[in-house]
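In: using only what follows, build the 3D model:
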Amino acid sequence: MRGDYQQLVDEISAVLGAPATLEDRDFGLIAFGAHDSEGADGEPAMDPVRTRSILHRRSTAAVRAWFEAFGIARATGPVRIPPDPAAGVLMGRICLPVRHRGQVLGYVWLLDDGHLSVLETGGPGTPPDPRLAQAMGTAARIGELLAAEARAGAETGELLYDLLTGPATGREAAAGGLRAALGSAADGPLAVVAVLPWRSGDDGEGAAAEGPGSVLAGQPGVAAMCVTPAVPGAGVDGLAALVRLRGANVLEPAHTAAERLLRSPRAGVRTARPGAAAGIGDPRRGPDDLPAAWHEAVAAARTARADARLGPVAQWADIGPYRLLTGLPAPAAPDPAVVPLLGTAQRDLARTAEVFLDCAGQAGRAAAALGIHRQTLYYRLSRVEQLTGLDLAEGEDRLLLHMALKGQRL
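Out: Just a heads-up that it's a prediction; the model follows:
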(Lines give C-alpha, C1' and ligand atoms only; values in the text may rest on other atoms or scores of the structure.)
Protein backbone atom coordinates (compact mmCIF):
# COMPACT_ATOMS: atom_id res chain seq x y z
CA MET A 1 0.00 0.00 0.00
CA ARG A 2 2.96 2.30 0.58
CA GLY A 3 3.73 2.11 -3.13
CA ASP A 4 0.13 3.05 -3.96
CA TYR A 5 0.47 6.29 -2.00
CA GLN A 6 3.73 7.10 -3.76
CA GLN A 7 2.22 6.44 -7.18
CA LEU A 8 -0.72 8.76 -6.51
CA VAL A 9 1.52 11.51 -5.14
CA ASP A 10 3.70 11.26 -8.26
CA GLU A 11 0.54 11.46 -10.37
CA ILE A 12 -0.44 14.75 -8.71
CA SER A 13 3.10 16.10 -9.13
CA ALA A 14 3.01 15.27 -12.83
CA VAL A 15 -0.39 16.90 -13.41
CA LEU A 16 0.56 20.18 -11.74
CA GLY A 17 4.30 20.23 -12.43
CA ALA A 18 5.04 20.83 -8.74
CA PRO A 19 6.64 18.73 -6.00
CA ALA A 20 3.92 17.13 -3.88
CA THR A 21 4.04 15.79 -0.33
CA LEU A 22 1.43 13.63 1.39
CA GLU A 23 1.01 13.92 5.16
CA ASP A 24 -1.52 12.44 7.54
CA ARG A 25 -3.88 14.65 9.53
CA ASP A 26 -1.26 14.95 12.29
CA PHE A 27 1.29 16.22 9.73
CA GLY A 28 3.25 12.96 9.71
CA LEU A 29 4.94 12.23 6.39
CA ILE A 30 3.52 9.39 4.27
CA ALA A 31 5.00 9.98 0.79
CA PHE A 32 6.69 12.70 -1.24
CA GLY A 33 7.51 13.37 -4.87
CA ALA A 34 10.77 14.44 -6.48
CA HIS A 35 11.71 18.11 -6.23
CA ASP A 36 13.59 19.33 -9.27
CA SER A 37 12.58 22.99 -9.46
CA GLU A 38 15.35 25.59 -9.48
CA GLY A 39 15.79 28.88 -7.74
CA ALA A 40 17.01 32.13 -9.25
CA ASP A 41 20.65 31.03 -8.90
CA GLY A 42 20.07 27.75 -10.71
CA GLU A 43 20.28 25.74 -7.48
CA PRO A 44 17.38 23.56 -6.27
CA ALA A 45 14.77 25.82 -4.65
CA MET A 46 14.33 23.89 -1.43
CA ASP A 47 11.83 24.88 1.22
CA PRO A 48 12.99 24.35 4.85
CA VAL A 49 9.57 23.10 5.96
CA ARG A 50 9.44 20.46 3.24
CA THR A 51 13.05 19.45 3.91
CA ARG A 52 12.34 19.03 7.62
CA SER A 53 9.17 17.07 6.92
CA ILE A 54 11.11 14.64 4.72
CA LEU A 55 14.09 14.29 7.07
CA HIS A 56 12.18 14.21 10.36
CA ARG A 57 8.86 12.90 9.01
CA ARG A 58 6.96 15.69 10.78
CA SER A 59 6.40 19.45 10.69
CA THR A 60 6.90 21.78 13.66
CA ALA A 61 4.05 23.09 15.83
CA ALA A 62 4.56 26.61 14.44
CA VAL A 63 4.22 25.40 10.87
CA ARG A 64 1.17 23.33 11.73
CA ALA A 65 -0.49 26.32 13.42
CA TRP A 66 0.19 28.53 10.37
CA PHE A 67 -1.31 26.02 7.94
CA GLU A 68 -4.33 25.19 10.11
CA ALA A 69 -5.13 28.87 10.47
CA PHE A 70 -6.29 28.79 6.83
CA GLY A 71 -9.02 26.26 7.62
CA ILE A 72 -7.47 23.26 5.88
CA ALA A 73 -9.11 20.84 8.34
CA ARG A 74 -12.56 22.07 7.21
CA ALA A 75 -11.85 22.71 3.55
CA THR A 76 -13.33 20.52 0.84
CA GLY A 77 -11.32 22.02 -2.02
CA PRO A 78 -7.83 23.44 -2.71
CA VAL A 79 -6.55 26.06 -0.25
CA ARG A 80 -3.85 28.56 -1.18
CA ILE A 81 -1.46 29.38 1.66
CA PRO A 82 1.03 32.27 1.46
CA PRO A 83 4.61 32.11 2.77
CA ASP A 84 5.42 32.89 6.39
CA PRO A 85 9.18 33.39 6.86
CA ALA A 86 8.70 33.68 10.65
CA ALA A 87 7.53 30.04 10.71
CA GLY A 88 10.15 28.96 8.18
CA VAL A 89 7.60 28.72 5.35
CA LEU A 90 9.58 30.41 2.59
CA MET A 91 7.37 29.26 -0.29
CA GLY A 92 3.65 29.43 -0.73
CA ARG A 93 1.62 26.27 -1.07
CA ILE A 94 -1.58 24.86 -2.35
CA CYS A 95 -3.10 22.36 0.07
CA LEU A 96 -5.36 19.61 -1.24
CA PRO A 97 -7.33 18.21 1.71
CA VAL A 98 -7.57 14.41 1.59
CA ARG A 99 -11.07 13.50 2.71
CA HIS A 100 -13.29 10.44 2.80
CA ARG A 101 -16.98 10.55 3.66
CA GLY A 102 -16.65 14.01 5.12
CA GLN A 103 -13.63 13.25 7.33
CA VAL A 104 -10.21 14.78 6.73
CA LEU A 105 -7.55 12.05 6.71
CA GLY A 106 -4.56 13.98 5.46
CA TYR A 107 -3.19 16.67 3.17
CA VAL A 108 -1.37 16.86 -0.15
CA TRP A 109 1.00 19.83 -0.25
CA LEU A 110 2.13 21.47 -3.48
CA LEU A 111 5.09 23.84 -3.35
CA ASP A 112 4.42 27.05 -5.29
CA ASP A 113 7.52 28.92 -6.38
CA GLY A 114 5.29 31.20 -8.46
CA HIS A 115 4.24 29.00 -11.36
CA LEU A 116 1.04 27.86 -9.61
CA SER A 117 -0.18 31.41 -8.99
CA VAL A 118 -2.24 31.37 -12.20
CA LEU A 119 -4.32 28.40 -11.04
CA GLU A 120 -7.83 29.21 -9.85
CA THR A 121 -8.46 27.29 -6.62
CA GLY A 122 -12.23 27.79 -6.93
CA GLY A 123 -14.86 29.04 -4.57
CA PRO A 124 -18.60 29.74 -4.36
CA GLY A 125 -19.84 29.69 -7.95
CA THR A 126 -16.28 29.41 -9.33
CA PRO A 127 -14.89 26.01 -10.34
CA PRO A 128 -11.21 25.25 -9.71
CA ASP A 129 -8.71 24.98 -12.52
CA PRO A 130 -9.24 21.65 -14.34
CA ARG A 131 -5.76 20.50 -13.31
CA LEU A 132 -6.55 21.16 -9.65
CA ALA A 133 -9.89 19.40 -10.09
CA GLN A 134 -8.03 16.38 -11.48
CA ALA A 135 -5.58 16.51 -8.57
CA MET A 136 -8.47 16.63 -6.11
CA GLY A 137 -9.85 13.50 -7.76
CA THR A 138 -6.53 11.80 -7.11
CA ALA A 139 -6.58 13.10 -3.51
CA ALA A 140 -9.99 11.45 -3.12
CA ARG A 141 -8.45 8.13 -4.22
CA ILE A 142 -5.76 8.65 -1.59
CA GLY A 143 -8.55 9.20 0.92
CA GLU A 144 -10.13 5.88 -0.04
CA LEU A 145 -6.81 4.11 0.53
CA LEU A 146 -6.27 5.81 3.90
CA ALA A 147 -9.82 4.97 4.95
CA ALA A 148 -9.38 1.31 3.96
CA GLU A 149 -6.10 1.16 5.85
CA ALA A 150 -7.77 2.88 8.79
CA ARG A 151 -10.54 0.26 8.89
CA ALA A 152 -7.99 -2.55 8.79
CA GLY A 153 -5.87 -0.79 11.40
CA ALA A 154 -8.89 -0.20 13.62
CA GLU A 155 -9.87 -3.86 13.51
CA THR A 156 -6.34 -4.99 14.32
CA GLY A 157 -6.08 -2.31 16.99
CA GLU A 158 -9.29 -3.52 18.62
CA LEU A 159 -7.91 -7.06 18.74
CA LEU A 160 -4.70 -5.75 20.31
CA TYR A 161 -6.76 -3.72 22.80
CA ASP A 162 -8.83 -6.75 23.80
CA LEU A 163 -5.70 -8.86 24.18
CA LEU A 164 -3.81 -6.33 26.32
CA THR A 165 -6.61 -4.98 28.49
CA GLY A 166 -9.58 -7.32 28.21
CA PRO A 167 -10.62 -10.00 30.70
CA ALA A 168 -8.55 -13.18 30.75
CA THR A 169 -11.52 -15.17 29.44
CA GLY A 170 -11.47 -13.26 26.15
CA ARG A 171 -7.74 -13.16 25.55
CA GLU A 172 -7.53 -16.48 23.76
CA ALA A 173 -10.04 -15.32 21.15
CA ALA A 174 -8.28 -11.96 20.79
CA ALA A 175 -4.91 -13.69 20.37
CA GLY A 176 -6.37 -15.94 17.69
CA GLY A 177 -7.90 -12.98 15.85
CA LEU A 178 -4.65 -11.04 16.02
CA ARG A 179 -2.70 -14.02 14.75
CA ALA A 180 -5.05 -14.30 11.77
CA ALA A 181 -4.80 -10.54 11.07
CA LEU A 182 -0.99 -10.47 11.21
CA GLY A 183 -0.43 -13.66 9.23
CA SER A 184 3.17 -14.90 9.28
CA ALA A 185 4.27 -11.79 11.21
CA ALA A 186 2.38 -13.10 14.25
CA ASP A 187 5.11 -15.67 14.87
CA GLY A 188 7.43 -12.81 15.69
CA PRO A 189 9.68 -11.57 16.84
CA LEU A 190 7.45 -8.76 18.09
CA ALA A 191 7.90 -5.91 20.57
CA VAL A 192 5.29 -3.86 22.40
CA VAL A 193 5.88 -0.12 22.78
CA ALA A 194 3.99 1.97 25.35
CA VAL A 195 3.74 5.77 25.02
CA LEU A 196 2.57 7.68 28.11
CA PRO A 197 0.56 9.82 28.14
CA TRP A 198 -1.31 9.71 24.82
CA ARG A 199 -4.17 11.92 23.73
CA SER A 200 -6.71 10.26 21.46
CA GLY A 201 -8.33 12.05 18.52
CA ASP A 202 -10.29 15.26 18.96
CA ASP A 203 -12.85 14.27 16.32
CA GLY A 204 -15.16 12.06 18.32
CA GLU A 205 -13.46 8.78 17.46
CA GLY A 206 -13.43 5.93 19.92
CA ALA A 207 -10.37 5.61 22.10
CA ALA A 208 -9.65 1.97 21.50
CA ALA A 209 -8.18 1.93 18.00
CA GLU A 210 -5.65 4.18 16.32
CA GLY A 211 -5.39 3.87 12.57
CA PRO A 212 -4.03 5.70 9.54
CA GLY A 213 -4.99 9.31 9.12
CA SER A 214 -3.58 9.75 12.62
CA VAL A 215 -0.17 8.18 13.09
CA LEU A 216 -0.11 4.56 11.88
CA ALA A 217 0.26 5.48 8.21
CA GLY A 218 3.60 7.11 9.00
CA GLN A 219 4.95 4.28 11.13
CA PRO A 220 6.75 1.63 9.07
CA GLY A 221 7.03 -1.65 10.96
CA VAL A 222 4.08 -0.95 13.27
CA ALA A 223 1.58 -3.81 12.91
CA ALA A 224 -1.15 -2.48 15.22
CA MET A 225 -1.87 0.29 17.70
CA CYS A 226 -4.53 1.01 20.27
CA VAL A 227 -5.26 3.64 22.90
CA THR A 228 -5.58 2.25 26.41
CA PRO A 229 -7.49 4.57 28.78
CA ALA A 230 -6.24 5.04 32.35
CA VAL A 231 -3.24 2.72 32.15
CA PRO A 232 -2.91 0.90 35.50
CA GLY A 233 -0.14 2.37 37.61
CA ALA A 234 0.27 5.38 35.34
CA GLY A 235 -3.11 7.06 35.77
CA VAL A 236 -3.07 8.45 32.21
CA ASP A 237 -4.18 7.27 28.79
CA GLY A 238 -1.49 5.46 26.84
CA LEU A 239 -0.76 4.16 23.38
CA ALA A 240 0.21 0.54 22.72
CA ALA A 241 2.09 -0.15 19.48
CA LEU A 242 2.96 -3.62 18.23
CA VAL A 243 6.21 -3.53 16.25
CA ARG A 244 7.66 -6.17 13.95
CA LEU A 245 11.35 -6.87 14.61
CA ARG A 246 14.03 -8.13 12.24
CA GLY A 247 15.48 -10.42 14.89
CA ALA A 248 14.85 -11.50 18.47
CA ASN A 249 17.59 -9.21 19.79
CA VAL A 250 17.22 -6.39 17.27
CA LEU A 251 15.15 -3.70 18.97
CA GLU A 252 16.05 -0.80 16.67
CA PRO A 253 12.64 -0.88 14.91
CA ALA A 254 10.92 -0.54 18.29
CA HIS A 255 13.15 2.38 19.26
CA THR A 256 12.54 4.07 15.90
CA ALA A 257 8.77 3.66 16.27
CA ALA A 258 8.86 4.95 19.85
CA GLU A 259 10.86 8.04 18.89
CA ARG A 260 8.52 8.84 16.01
CA LEU A 261 5.44 8.36 18.13
CA LEU A 262 6.85 10.70 20.77
CA ARG A 263 7.06 13.39 18.08
CA SER A 264 3.32 13.09 17.44
CA PRO A 265 1.20 16.02 18.67
CA ARG A 266 -0.83 13.41 20.55
CA ALA A 267 2.10 12.33 22.71
CA GLY A 268 1.92 14.02 26.09
CA VAL A 269 -0.83 16.23 27.44
CA ARG A 270 -2.33 19.20 25.67
CA THR A 271 -0.27 21.81 27.48
CA ALA A 272 2.96 20.05 28.44
CA ARG A 273 4.39 17.61 25.92
CA PRO A 274 7.76 17.15 27.71
CA GLY A 275 6.05 14.73 30.10
CA ALA A 276 5.70 12.06 27.41
CA ALA A 277 7.93 8.98 27.45
CA ALA A 278 8.00 5.54 25.88
CA GLY A 279 8.83 2.06 27.08
CA ILE A 280 9.71 -1.14 25.25
CA GLY A 281 9.01 -4.64 26.55
CA ASP A 282 11.18 -7.68 25.90
CA PRO A 283 10.65 -9.26 22.45
CA ARG A 284 8.07 -12.02 22.15
CA ARG A 285 7.06 -14.64 19.61
CA GLY A 286 3.34 -15.03 19.06
CA PRO A 287 0.42 -13.03 20.49
CA ASP A 288 -0.06 -15.10 23.66
CA ASP A 289 2.77 -13.38 25.55
CA LEU A 290 1.92 -9.84 24.47
CA PRO A 291 0.02 -8.93 27.69
CA ALA A 292 3.22 -9.56 29.65
CA ALA A 293 5.20 -7.51 27.12
CA TRP A 294 2.66 -4.67 27.53
CA HIS A 295 3.13 -4.78 31.31
CA GLU A 296 6.89 -4.47 30.78
CA ALA A 297 6.51 -1.65 28.26
CA VAL A 298 4.26 0.34 30.61
CA ALA A 299 6.70 -0.17 33.47
CA ALA A 300 9.56 1.07 31.28
CA ALA A 301 7.55 4.09 30.13
CA ARG A 302 6.62 4.98 33.71
CA THR A 303 10.29 4.72 34.63
CA ALA A 304 11.35 6.91 31.72
CA ARG A 305 8.88 9.57 32.88
CA ALA A 306 10.11 9.31 36.47
CA ASP A 307 13.85 9.21 35.84
CA ALA A 308 15.11 11.46 33.04
CA ARG A 309 18.41 9.58 32.92
CA LEU A 310 16.60 6.55 31.49
CA GLY A 311 14.30 8.39 29.05
CA PRO A 312 12.66 9.41 26.92
CA VAL A 313 12.67 5.80 25.63
CA ALA A 314 13.48 3.03 28.09
CA GLN A 315 13.69 -0.74 27.74
CA TRP A 316 12.33 -3.11 30.38
CA ALA A 317 15.72 -4.84 30.52
CA ASP A 318 17.46 -1.56 31.47
CA ILE A 319 15.32 -0.12 34.26
CA GLY A 320 16.92 -2.07 37.13
CA PRO A 321 15.10 -1.77 40.48
CA TYR A 322 12.11 -0.15 38.79
CA ARG A 323 11.22 -3.60 37.46
CA LEU A 324 10.22 -4.44 41.02
CA LEU A 325 8.88 -1.05 42.04
CA THR A 326 6.51 -0.70 39.09
CA GLY A 327 4.94 -4.01 40.03
CA LEU A 328 3.97 -2.82 43.50
CA PRO A 329 0.60 -1.19 44.20
CA ALA A 330 0.74 2.56 44.60
CA PRO A 331 0.81 3.41 48.33
CA ALA A 332 -1.89 5.64 49.76
CA ALA A 333 0.80 7.91 51.23
CA PRO A 334 4.56 8.37 50.81
CA ASP A 335 6.75 6.05 52.84
CA PRO A 336 7.51 7.64 56.23
CA ALA A 337 11.21 7.37 55.43
CA VAL A 338 10.98 9.99 52.69
CA VAL A 339 8.27 12.29 54.11
CA PRO A 340 10.80 14.61 55.85
CA LEU A 341 12.65 14.97 52.52
CA LEU A 342 9.66 15.86 50.34
CA GLY A 343 9.49 19.60 50.98
CA THR A 344 10.96 22.02 48.49
CA ALA A 345 13.44 23.17 51.12
CA GLN A 346 14.83 19.64 51.41
CA ARG A 347 15.12 18.93 47.67
CA ASP A 348 18.93 19.01 47.77
CA LEU A 349 18.99 16.57 50.66
CA ALA A 350 16.72 14.09 48.86
CA ARG A 351 18.80 14.34 45.70
CA THR A 352 22.02 13.91 47.67
CA ALA A 353 20.73 10.80 49.43
CA GLU A 354 19.53 9.23 46.18
CA VAL A 355 22.78 9.88 44.32
CA PHE A 356 24.83 8.62 47.27
CA LEU A 357 22.84 5.39 47.31
CA ASP A 358 22.97 5.12 43.50
CA CYS A 359 26.76 5.26 43.86
CA ALA A 360 26.69 2.31 46.28
CA GLY A 361 27.65 4.57 49.19
CA GLN A 362 30.95 5.65 47.62
CA ALA A 363 31.43 9.20 48.84
CA GLY A 364 33.96 10.24 46.19
CA ARG A 365 31.76 9.11 43.30
CA ALA A 366 28.67 10.71 44.84
CA ALA A 367 30.37 14.07 45.48
CA ALA A 368 31.69 14.12 41.90
CA ALA A 369 28.26 13.27 40.47
CA LEU A 370 26.66 16.05 42.51
CA GLY A 371 29.44 18.55 41.83
CA ILE A 372 29.98 19.28 45.53
CA HIS A 373 32.85 18.98 48.01
CA ARG A 374 33.05 15.73 49.95
CA GLN A 375 32.59 17.58 53.26
CA THR A 376 29.37 19.11 51.91
CA LEU A 377 28.22 15.59 51.05
CA TYR A 378 28.92 14.35 54.57
CA TYR A 379 27.06 17.30 56.08
CA ARG A 380 24.00 16.69 53.91
CA LEU A 381 23.99 12.98 54.69
CA SER A 382 24.08 13.73 58.41
CA ARG A 383 21.07 16.01 57.94
CA VAL A 384 19.27 13.20 56.08
CA GLU A 385 19.88 10.87 59.01
CA GLN A 386 18.63 13.46 61.50
CA LEU A 387 15.43 14.11 59.56
CA THR A 388 14.58 10.49 58.72
CA GLY A 389 15.88 8.73 61.82
CA LEU A 390 17.70 6.25 59.57
CA ASP A 391 21.30 5.10 59.93
CA LEU A 392 23.00 5.16 56.53
CA ALA A 393 25.68 2.84 57.86
CA GLU A 394 23.03 0.11 58.12
CA GLY A 395 22.24 -1.87 54.97
CA GLU A 396 18.52 -2.27 55.63
CA ASP A 397 18.11 1.44 56.37
CA ARG A 398 19.92 2.24 53.12
CA LEU A 399 17.69 -0.16 51.20
CA LEU A 400 14.53 1.32 52.71
CA LEU A 401 15.53 4.90 51.93
CA HIS A 402 16.74 4.04 48.44
CA MET A 403 13.55 2.21 47.45
CA ALA A 404 11.36 4.85 49.09
CA LEU A 405 13.03 7.61 47.08
CA LYS A 406 12.78 5.64 43.85
CA GLY A 407 9.16 4.75 44.56
CA GLN A 408 8.34 8.38 45.22
CA ARG A 409 9.52 9.25 41.71
CA LEU A 410 6.86 6.93 40.29
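In: residues making contact with stretch 179-188?
Out: Stretch 179-188 is contacted by residues 155-156, 159, 178, 223-224, 244-245, 248, 283-287 when judged by Cβ atoms under 8 Å, 6 or more residues apart in numbering. In this view, the C-beta of every residue, glycine as well, is placed from N, C-alpha and C.
In: stretch 399-410: which residues count as buried?
Out: For stretch 399-410, burial by neighbour count (16 or more other Cβ atoms under 10 Å) applies to 400-408, 410.
In: please apply the same query to stretch 350-367.
Out: Buried, per 16+ other Cβ under 10 Å, within stretch 350-367: 350, 352-359, 366-367.
In: residue closest to the middle of this protein?
Out: Residue closest to the mean C-alpha point of the chain, counted by Cα atoms, centre = their mean, is Leu261 at 2.0 Å.
In: correct me if wrong: that one contacts Ala277.
Out: No. Applying Cβ atoms under 8 Å as the test, Leu261 and Ala277 come out as separate, 10.8 Å apart.
In: picking that back up, so which of the buried residues of stretch 399-410 sits lowest on pLDDT?
Out: Least confident of the buried residues of stretch 399-410 in the model: Leu410, at 86.
In: returning to that earlier point: adding secondary structure, pLDDT and neighbour count, write the contacts of stretch 179-188 out as JSON lines.
Out: Shown next, in JSON lines, are these (DSSP: H, G, I helix; E, B strand; the rest coil; pLDDT from 0 to 100; neighbours: other Cβ atoms under 10 Å):
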{"residue": "Glu155", "secondary structure": "helix", "pLDDT": "87", "neighbour count": "16"}
{"residue": "Thr156", "secondary structure": "helix", "pLDDT": "90", "neighbour count": "23"}
{"residue": "Leu159", "secondary structure": "helix", "pLDDT": "93", "neighbour count": "26"}
{"residue": "Leu178", "secondary structure": "helix", "pLDDT": "93", "neighbour count": "25"}
{"residue": "Ala223", "secondary structure": "strand", "pLDDT": "90", "neighbour count": "21"}
{"residue": "Ala224", "secondary structure": "strand", "pLDDT": "92", "neighbour count": "29"}
{"residue": "Arg244", "secondary structure": "strand", "pLDDT": "93", "neighbour count": "18"}
{"residue": "Leu245", "secondary structure": "coil", "pLDDT": "93", "neighbour count": "20"}
{"residue": "Ala248", "secondary structure": "coil", "pLDDT": "83", "neighbour count": "14"}
{"residue": "Pro283", "secondary structure": "coil", "pLDDT": "96", "neighbour count": "20"}
{"residue": "Arg284", "secondary structure": "strand", "pLDDT": "95", "neighbour count": "22"}
{"residue": "Arg285", "secondary structure": "coil", "pLDDT": "92", "neighbour count": "13"}
{"residue": "Gly286", "secondary structure": "coil", "pLDDT": "90", "neighbour count": "15"}
{"residue": "Pro287", "secondary structure": "helix", "pLDDT": "94", "neighbour count": "27"}
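In: state the pair within the residues you listed that is farthest apart.
Out: Greatest spacing in the contacts of stretch 179-188, by Cβ to Cβ: Glu155 and Ala248 (27.5 Å).
In: of the buried residues of stretch 399-410, closest to Leu328?
Out: For these, the nearest to Leu328 is Gly407 (7.3 Å; Cβ to Cβ).
In: OK, contacts around the closest one?
Out: Taking Cβ under 8 Å, 6+ apart, one finds 325, 328, 331, 335 in contact with Gly407.
In: dump the residue contacts of the closest residue to the last one other than its chain neighbours.
Out: Counting by Cβ to Cβ, 6 or more residues apart in numbering, Asp335 lies nearest to Ala404, which is 3.9 Å off, once chain neighbours are set aside. By Cβ under 8 Å, 6+ apart, the contact set of Ala404 is 334-335, 337-338.
In: are any of those buried, and which?
Out: 337-338.
In: export the contacts of Ala404 to CSV and tack on pLDDT?
Out: Compiled in CSV, those are given as follows (pLDDT from 0 to 100):
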residue, pLDDT
Pro334, 89
Asp335, 90
Ala337, 90
Val338, 92
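In: same list (the contacts of Ala404) but as CSV, adding distance to Leu390 and secondary structure.
Out: Below are the contacts of Ala404 laid out as CSV (distance: Cβ to Cβ, whole Å; DSSP: H, G, I helix; E, B strand; the rest coil):
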residue, distance to Leu390, secondary structure
Pro334, 15, coil
Asp335, 11, coil
Ala337, 6, coil
Val338, 10, coil
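In: downstream of the helix or strand bottoming out on mean pLDDT in the chain, the next helix or strand is which one?
Out: Lowest mean confidence among the helices and strands of the chain (mean pLDDT, DSSP states H and E): helix 48-56, at a mean of 59. If you walk from helix 48-56 toward the C-terminus, the next helix or strand you reach (DSSP states H and E) is helix 61-68.
In: what pLDDT, on average, does that following helix get?
Out: Average pLDDT, helix 61-68: 85.
In: mind listing what's buried in it?
Out: Going by 16+ other Cβ under 10 Å, helix 61-68 has these buried residues: 63-64, 66-67.
In: stretch 247-261 now?
Out: Neighbour-count burial for stretch 247-261 flags 251, 253-258, 260-261 (criterion: 16+ other Cβ under 10 Å).
In: swap in stretch 285-300?
Out: Judged by neighbour count (16+ other Cβ under 10 Å), stretch 285-300 contains these buried residues: 287, 289-291, 293-300.
In: okay if I get these as CSV plus distance to Val15 and secondary structure?
Out: Converted to CSV, the buried residues of stretch 285-300 look like this (distance: Cβ to Cβ, whole Å; three-state DSSP):
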residue, distance to Val15, secondary structure
Pro287, 44, helix
Asp289, 49, helix
Leu290, 44, helix
Pro291, 49, helix
Ala293, 46, helix
Trp294, 45, helix
His295, 51, helix
Glu296, 49, helix
Ala297, 44, helix
Val298, 47, helix
Ala299, 51, helix
Ala300, 47, helix
